[in-house]
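Undergrad: This is a predicted model, with the sequence first.
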Amino acid sequence: MISVRCVASELAKVRGSCRLAAANMCKELKTKMLRLMPPSSNGPTINEEDHDRTDDSDEVLKCTVKALQDGHIVAVPTDTIYGLACLAQNSEAVRKIYAVKGRNGQKPLAICVREIQDIYKYCKVEVKKELLGDLLPGPVTLVFKRSETLNPALNPFTSLVGVRIPNHGFMRRLCQMCEEPLALTSANVSSHTSTVEVHEFQELWPHVAVVVDGGPIGDQSRLGSTVVDLSVCNKYRIIRPGCALSVTLDVLERKYGLSEDLGEE
């Protein structure tokens, strides 16, 4: 008969093997899962993950910036939906983000910057700065003619580019630390529903270096930002109604007197 001591010894070996296997799995896991608590006035704080502990929001930022600077794709929360981001000036990273989403190469990526003044570096702006201030930061993407500074491999098929300043402290600090624009698109397989929680794009996790979990996005509409073309002087054209259409139209028409571009000769 097998003694109790022998059984205990065998169980200990099995448990040790399981712990070793689990440790090896963690070492092999390339995607880092980092969780942000709801943002406060001092910026986001961190809820530690057992398998990937961090001390504070600065550590999450540093980890995400490092991944971006190494040419990787990251998944991040914004003020509208979850997004995939890479450095816009890195042509190889831009190629990767299309591959991850399975996105049509003729569909443009927007860029994300920290401050209104950054827009002037990458875009040729035809509207008053006050108009930009009335819409940004916020859930609006403004489309302008691109400047020569922007990576020519980003959307090479168009002379225009959409630019965002999300009303989201983490994203703005991320842009600040990268010191260059991020290419930004929704975190979902192309043509699938936009996502407002990280588990909704779980199939993409293995293809990104970092997933920053900011919790459920407050606006559950999944409409994404309102996209408006302001590349023609004194005109606007709505490309996507998005979640802020009425507010955007009020600013454009009532306050600044812009008229809709109907494409008339």
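TA: Looks like it came in fine.
Undergrad: what about the helices in this structure?
TA: Assigned by DSSP state H, the chain shows helices spanning 4-28, 57-69, 91-101, 116-122, 129-135, 169-178, 245-249.
Undergrad: Sketch out the strands for the chain, chain order is fine.
TA: Taking DSSP state E as the criterion, the chain contains strands spanning 32-36, 46-47, 74-77, 82-87, 110-112, 123-124, 140-146, 160-164, 182-186, 210-213, 226-229, 235-240, 259-260.
Undergrad: got those strands as JSON lines, with mean pLDDT and mean neighbour count columns?
TA: C-beta coordinates here come from the backbone N, C-alpha and C atoms, glycine included. Output for those, formatted as JSON lines (pLDDT from 0 to 100; neighbours: other C-beta atoms under 10 Å):
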{"stretch": "strand 32-36", "mean pLDDT": "91", "mean neighbour count": "20"}
{"stretch": "strand 46-47", "mean pLDDT": "36", "mean neighbour count": "15"}
{"stretch": "strand 74-77", "mean pLDDT": "97", "mean neighbour count": "26"}
{"stretch": "strand 82-87", "mean pLDDT": "98", "mean neighbour count": "26"}
{"stretch": "strand 110-112", "mean pLDDT": "98", "mean neighbour count": "26"}
{"stretch": "strand 123-124", "mean pLDDT": "98", "mean neighbour count": "20"}
{"stretch": "strand 140-146", "mean pLDDT": "98", "mean neighbour count": "23"}
{"stretch": "strand 160-164", "mean pLDDT": "98", "mean neighbour count": "24"}
{"stretch": "strand 182-186", "mean pLDDT": "97", "mean neighbour count": "25"}
{"stretch": "strand 210-213", "mean pLDDT": "96", "mean neighbour count": "23"}
{"stretch": "strand 226-229", "mean pLDDT": "98", "mean neighbour count": "22"}
{"stretch": "strand 235-240", "mean pLDDT": "98", "mean neighbour count": "16"}
{"stretch": "strand 259-260", "mean pLDDT": "96", "mean neighbour count": "11"}
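Undergrad: out of those strands, nearest to residue 59?
TA: strand 46-47 (7.1 Å; C-beta to C-beta).
Undergrad: how close does the spatially most central residue of the chain get to residue 189?
TA: In the chain, the residue lying closest to the centroid (C-alpha atoms, centre = their mean) is residue 83, at 3.4 Å. Per C-beta to C-beta, to the nearest Å, residue 83 is found 14 Å from residue 189.
Undergrad: Next, show the common contact partners of these two.
TA: Residues touching both residue 83 and residue 189 by C-beta atoms under 8 Å, 6 or more residues apart in numbering: none at all.
Undergrad: Low-confidence stretches in the stretch 1-150 of the chain?
TA: Along the stretch 1-150 of the chain, the model assigns pLDDT under 70 to residues 1-29, 37-56.
Undergrad: Count the residues that sit near residue 263.
TA: Using other C-beta atoms under 10 Å, residue 263 has 7 neighbouring residues.
Undergrad: which non-adjacent residue is nearest it?
TA: residue 237 (7.9 Å; C-beta to C-beta, 6 or more residues apart in numbering).
Undergrad: for that neighbour, what are its contacts?
TA: Applying C-beta under 8 Å, 6+ apart, we find residue 237 in contact with 228-229, 260-261, 263.
Undergrad: Go again with 10 Å.
TA: 143, 227-231, 260-263 (C-beta atoms under 10 Å, 6 or more residues apart in numbering).
Undergrad: give me the beta-bridge partners of it?
TA: Note on residue 237: beta-bridge partners by DSSP bridges are residue 229.
Undergrad: Thanks a lot, see you next time.
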